[in-house]
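# Sequence first, predicted coordinates after that:
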Amino acid sequence: MKLILLGAPGAGKGTQADILCKELNIPTISTGNILRAAIKNGTPVGMQAEAYMKAGKLVPDEIIIDIIHDRVAEADCAEGYILDGVPRTIAQAEALEKAGIVFDDVISIEISDETIMERMTGRRVCEHCGTSYHLVAVPPKTPGVCDKCGGKLVQRHDDEPETVKHRLEVYHKETEPLKDFYAKRGLLKSVENQPTVAATSQAILHALGR
Ligand code: AP5
């Protein structure tokens, strides 16, 4: 199964991708996590991407398209995968089509900008594995420590309110048109964000017919 998760920054794509990959037994590909790891490791891609990410801008399409081509060719993607945070522009979506990749479903998580602005102040992420938590809604078992790998939980640089506002503007301008792109192909399923992570997962699984 090949699935795309669309949604604004902070909509809960990463949180849901983590749950769905266990449920569907396929890997998640998060370009945000791949880029953050590249920055941490000081790779050429990381050095190119860093300034864009800090400013809440999109990383150029060529870089993203190369990352995705390489990642989907890996052995663990043979039975399918979940794309989290990609495609993010029409050019990226067209590149995936050109590569002959056929998706089964595109889920768009719908949530207001106001809810996102409130949420982002409480988000903490594992600096090692990238898992997302929330101080109130999704707390770790031990404060400041990742349940999965024991890594340290930190606030992301791009979660500053001014940067989040900019990321939302970029989302509405560059990424939201993808809803129409995939609706025209009969693939789009819109799911309203729910007050809890579990309820949102249920709504997504229902939309996927599971
Ligand atoms: P990326 O890492 O992809 O960030 P994003 O899309 O902006 O999304 P986030 O990771 O911020 O949020 P999310 O939707 O995963 O929400 P989460 O599950 O954490 O990208 C970062 C940057 O990299 C971009 O700005 C860009 O520069 C670059 N980039 C990446 N991909 C790119 C691409 N394809 N093209 C170009 N540039 C690219 O949840 C948010 C919070 O809410 C958490 O605290 C969570 O615990 C909580 N939460 C989740 N669900 C619920 C719920 N139902 N109820 C209550 N709380 C909840």
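That came through, no problem.
# Who are the contact partners of residue 2?
By Cβ atoms under 8 Å, 6 or more residues apart in numbering, the residues touching residue 2 are 80-81, 83, 101-104. Where you see a C-beta, it was placed from the backbone N, CA and C, and this is true even at glycine.
# mind redoing it with 10 Å?
By Cβ atoms under 10 Å, 6 or more residues apart in numbering, the contact list for residue 2 reads 26, 72, 77, 79-83, 96, 101-106.
# Quick one: buried ones out of these?
26, 72, 80-83, 96, 103, 105-106 (16 or more other Cβ atoms under 10 Å).
# Would you mind giving those as CSV with pLDDT and secondary structure added?
Below are the buried ones among the contacts of residue 2 laid out as CSV (pLDDT from 0 to 100; DSSP: H, G, I helix; E, B strand; the rest coil):
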residue, pLDDT, secondary structure
26, 97, coil
72, 96, helix
80, 97, coil
81, 98, strand
82, 98, strand
83, 98, strand
96, 96, helix
103, 97, coil
105, 97, strand
106, 98, strand
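# Can you tell me which of those residues is closest to residue 7?
Relative to residue 7, the closest of the buried ones among the contacts of residue 2 is residue 106; by Cβ to Cβ it sits at 10.7 Å.
# The closest residue to the ligand within the chain: neighbouring residues, count only.
Closest residue of the chain to the ligand, Cβ to the nearest ligand atom: residue 32 (1.9 Å). A count of nearby residues for residue 32, using other Cβ atoms under 10 Å, gives 20.
# In three-state terms, label the residue in the chain sticking out farthest from the centre for me.
Taking Cα atoms, centre = their mean, the residue of the chain most remote from its mean C-alpha position is residue 142, at 24.8 Å. Here residue 142 is coil, with the state taken from DSSP: H, G, I helix; E, B strand; the rest coil.
# What distance do you get for it to residue 149?
Using Cβ to Cβ, to the nearest Å, one obtains 12 Å as the distance from residue 142 to residue 149.
# wait, doesn't residue 19 sit right on residue 197?
Yes - the criterion here is Cβ atoms under 10 Å, and residue 19 meets it with residue 197 at 7.4 Å.
# Overlap in contacts, these two.
residue 12.
# what's near enough to touch residue 65?
86-87, 89, 91-92, 94-96, 98-99.
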